[in-house]
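Q: below are the sequence and a predicted model for it; my questions follow.
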Amino acid sequence: MNNISMIACVGENLELGKNNDLIWHLPNDLKYFKKTTLGKTVIMGRRTFESLPGVLPKRRNIVLQSSNKNISGVEIFHDIKSILEAVQNEEEVFIIGGASVYRQFLEYASKLYLTEVKASFPDATVYFPEFNKELYDKRIIDSNEDNGIEYDFAVYEKKLVKK
């Protein structure tokens, strides 16, 4: 299965967030996120969903959660295997957080869309999982700046393993 992608905004030390919120508020990154995920399926954990203003429009919203909390407007799954089966015929599916969901899906992801902020945030409480960059080809799509913060839109594509 190579239709799983991840999208995240990370700092120099793979910082993702603090107290269930984003660290950096970068308008152009939010536009990039919307443009990249529009019309696709987005998969997230319950706390990530709760941090959003609501269901992400014009996307299939899937929430992975261990509890039986009822959330309207989204599809709820309780394990990765059933999610992978449910999305196996889709062209591209995006994991959008949080940290534990990224960690659980990392081995299945063929692409990582990372907004790489050229700064660190020592007070971060949540991090994107470490990954072996040698297993990926990296390309910078664009460089940007918002509110004096510089960042790159990078795509890491998993290298094909020759058998």
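A: All right, it came through fine.

Q: what pairs with the helix or strand of the chain with the lowest mean pLDDT, and is each one parallel or antiparallel?
A: Every helix and strand of the chain was ranked by mean pLDDT, DSSP states H and E. The lowest is strand 21-22, at a mean of 84. Looking at strand 21-22 with DSSP bridges, its partner strands are strand 15-18 (antiparallel).

Q: rewinding a little: can you give the contact residues for the least confident helix or strand of the chain?
A: Here strand 21-22 makes contact (Cβ atoms under 8 Å, 6 or more residues apart in numbering) with 9, 16, 51. The way it works is simple: take the backbone N, C-alpha and C, and place the C-beta from them, glycine included.

Q: and which of those residues is nearest Ser72?
A: Closest approach between those and Ser72, by Cβ to Cβ: Ser51, at 16.8 Å.

Q: just the pLDDT for that closest one.
A: Model confidence at Ser51, given as pLDDT, is 90.

Q: over to the one 5 residues further on?
A: On the pLDDT scale, Leu56 is placed at 97.

Q: might one say that it is in contact with Ile43?
A: No - counting by Cβ atoms under 8 Å, Ile43 is not a contact partner of Leu56; they are 11.1 Å apart.

Q: in PyMOL, how would I select the buried members of the contacts of strand 21-22?
A: To isolate in PyMOL the members of the contacts of strand 21-22 that are buried, counting by 16 or more other Cβ atoms under 10 Å, one can use:
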select buried, resi 9+16+51
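
Q: and which of the contacts of strand 21-22 is nearest Leu26?
A: Using Cβ to Cβ, Cys9 comes nearest to Leu26 of these, at 6.8 Å.

Q: quick one: the nearest residue in space to that closest one that is not next to it in sequence and Phe128, what's the gap?
A: Counting by Cβ to Cβ, 6 or more residues apart in numbering, Cys9 lies nearest to Thr115, which is 4.1 Å off, once chain neighbours are set aside. Counting by Cβ to Cβ, to the nearest Å, the gap from Thr115 to Phe128 is 11 Å.
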